[in-house]
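Trainee: Fold the following.
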Amino acid sequence: MGVAALGDRAARQPELTVVELPQASLDSGLDLPGDSTWAIALRRSLLAWYAETGRDLPWRRSRDPYAIWISEIMLQQTQVTTVMPYYQRWLVAFPTVQALAAADQTAVLKQWEGLGYYARARNLHRAAQQVAQEHDGVFPKTFALALTLPGIGRTTAGGILSAAFNQKTAILDGNVKRVLARLVALDRPPAKALAPLWAISEALIDPDYPRDFNQALMDLGATVCKPKQPECDRCPWRSHCQSYNLGIQSEIPMREAARPVPHKIIGVAVIWNKSGKILIDRRRQEGLLGGLWEFPGGKLEPGESLEDCVRREVKEELDIEIAVDDQLMSLDHAYTHLKVTLEVFNCRYLSGEPKPLECDEMLWVTLDEIEQYPFPKANTKIIAALKAAASN
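Mentor: All right, here's what the predicted structure looks like:
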């Protein structure tokens, strides 16, 4: 059903008396029927708003569960504007589940390079292989089976099944948590109220138009009910929103006390051999950047010089001897849970046969060949510096 038709439907519905959701219901388990007056009123106003203002996004023009699945994974913790070019390129490189399943992991990670949270790409690749082998290349239509796929949890499964098959499956991503927390003036951080928030999402979802309702709910959080300075004057739920009516919408959702973010200094070696090739290694599969290629190195220990750190890490990681020469660059990089400073040195290979002691494999590559391999974002800046130095 198109957004124009939704607008017609909303216009035909009679006025309803709004019944506000009481705060006490959060503590009593939110035992409210999905067809209650408040739910109907909220559905109607949200769908009417979506009919007028819904974003035109490429995955919303498709009913292909594979294309929708890709978008749902890419949009995890990543904004639409960032995802858009990656999404388009991905579907050119891997247009079907079978194409993705048959691809080499290096090619998959190269397509994902720069999008971050690389476990998503690894899980997506594994899930595609599972769908190809166990489901004849078709994304499973049942919630239980969807949850068996790597990288797919309750919200992602709900998003895919509602968007692809119009199933009545609720969602609760970060945007939706914020919208619902403000709607009921949640008196605690959302992480401590997941059960009642899920209950609200399930009670609100429109049984006739679940696809459009979930898309509308995500749009509301992304474009109106934003983390900072929510645009309440444009919100279809303003009259129902307890946070707005109490004047506390900027204070909700409550946040847990932030933990200090650790900072690590990393010594990094760009190791050159006599043939002018550079040694790179591929990280093991587990962890934040698993499966990506990188320049060898590791954490600076207390009392250690940067040069000693680089030599020690290379010995521990690859069992080779190097000479540490000039410093190429120093750069800062932040992850969600960690800040790092990379101290990067040009190094000369001296002796020893490289061994994958703390990595999956290693390769000697030319500067022209190096871009064939997927690297973490910080390492791509090192490559750019190397190319700039080579061109001078």
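
Trainee: Would you state the helices of the stretch 51-200 of the chain in chain order?
Mentor: Ranges of helices within the stretch 51-200 of the chain are 65-74, 80-93, 97-102, 105-112, 119-134, 143-146, 154-165, 174-183, 194-204, based on DSSP state H, counting those that start in this stretch.

Trainee: closest one to Phe295 among the ones you listed?
Mentor: helix 105-112 (16.3 Å; CB to CB). C-beta: built from backbone N, CA, C; applies to glycine.

Trainee: other SSEs contacting the closest one?
Mentor: On a contact count with 3 or more CB pairs under 8 Å, 6 or more residues apart in numbering; DSSP states H and E, helix 105-112 meets helix 80-93, helix 119-134.

Trainee: rerun at 6 Å
Mentor: helix 119-134 (3 or more CB pairs under 6 Å, 6 or more residues apart in numbering; DSSP states H and E).

Trainee: buried ones in the helix it packs on?
Mentor: Judged by neighbour count (16 or more other CB atoms under 10 Å), helix 119-134 contains these buried residues: 119-122, 124-132.

Trainee: so who does Trp293 touch?
Mentor: By CB atoms under 6 Å, 6 or more residues apart in numbering, Trp293 lies in contact with Ile280, Arg282, Tyr373, Phe375.

Trainee: So for the most centrally placed residue in the chain, what's the pLDDT?
Mentor: The centroid of the chain falls nearest to Gln76 when counting by CA atoms, centre = their mean (3.0 Å). Gln76 carries a pLDDT score of 93 in this model.

Trainee: where's it relative to Glu371, distance?
Mentor: For Gln76, the distance to Glu371 (CB to CB, to the nearest Å) stands at 26 Å.

Trainee: One more: Glu52?
Mentor: Taking CB to CB, one finds Glu52 at 45 Å from Glu371.

Trainee: Kindly report the same for Pro190.
Mentor: 41 Å.

Trainee: With Trp59 instead?
Mentor: In terms of CB to CB, Trp59 sits 29 Å off from Glu371.

Trainee: Those two: who's more crowded?
Mentor: Each of Trp59 and Glu371 has its neighbours counted (other CB atoms under 10 Å); Trp59 has more, 23 against 14.

Trainee: Now for the closest residue to the more buried one other than its chain neighbours, how many residues are close by?
Mentor: Nearest residue to Trp59 in three dimensions, chain neighbours excluded: Ser71, at 3.7 Å (CB to CB, 6 or more residues apart in numbering). A total of 24 residues lie near Ser71 under the criterion other CB under 10 Å.

Trainee: And the one 4 residues further on, by the same measure?
Mentor: By the criterion of other CB under 10 Å, Leu75 has 21 neighbours.

Trainee: list the contacts for it?
Mentor: Remark: with contacts taken as CB under 6 Å, 6+ apart, Leu75 is in contact with Val83.

Trainee: please renumber so the chain begins at 516
Mentor: Sure, I'll start counting at 516 from here, so that last one is Leu590.

Trainee: any idea how this structure splits into domains?
Mentor: 518-761, 778-906 (automatic domain parsing).

Trainee: Tell me the buried residues in the one helix or strand Arg559 maps to?
Mentor: Assigned by DSSP states H and E, Arg559 belongs to helix 552-568. Neighbour-count burial for helix 552-568, with 16+ other CB under 10 Å as criterion, is recorded at 553-566.

Trainee: Looking at the contacts of Trp808, which is nearest Gln757?
Mentor: Among those, Phe890 lies closest to Gln757 (CB to CB), at 47.4 Å.

Trainee: Dump stretch 822-836 to PDB, keeping only the CA atoms.
Mentor: What follows is stretch 822-836, C-alpha atoms only, in PDB (Å, rounded to 0.1, in the frame of the first residue of the first chain):
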ATOM      1  CA  GLU A 822      60.600   2.000  18.700                       C
ATOM      2  CA  ASP A 823      60.900  -0.900  21.200                       C
ATOM      3  CA  CYS A 824      57.200  -1.400  21.100                       C
ATOM      4  CA  VAL A 825      57.200  -1.800  17.400                       C
ATOM      5  CA  ARG A 826      60.100  -4.200  17.400                       C
ATOM      6  CA  ARG A 827      58.600  -6.300  20.200                       C
ATOM      7  CA  GLU A 828      55.100  -6.500  18.600                       C
ATOM      8  CA  VAL A 829      56.500  -7.500  15.200                       C
ATOM      9  CA  LYS A 830      58.600 -10.200  16.800                       C
ATOM     10  CA  GLU A 831      55.600 -11.500  18.900                       C
ATOM     11  CA  GLU A 832      53.200 -11.300  16.000                       C
ATOM     12  CA  LEU A 833      55.400 -12.500  13.000                       C
ATOM     13  CA  ASP A 834      58.600 -13.800  14.500                       C
ATOM     14  CA  ILE A 835      60.900 -11.600  12.400                       C
ATOM     15  CA  GLU A 836      63.600  -9.000  13.000                       C
END
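
Trainee: hey, where'd the helices end up in the stretch 716-865 of the chain?
Mentor: According to DSSP H, counting those that start in this stretch, the helices that the stretch 716-865 of the chain contains are 725-738, 757-761, 821-833.

Trainee: Who are the contact partners of Trp584?
Mentor: Contacts for Trp584 (CB under 6 Å, 6+ apart) come out as Phe654, Ile675.

Trainee: ok, now how distant is it from Ser560?
Mentor: Distance, Trp584 to Ser560, by CB to CB: 30 Å.

Trainee: ok, now Ile767?
Mentor: Taking CB to CB as the measure, Ile767 falls 20 Å from Ser560.
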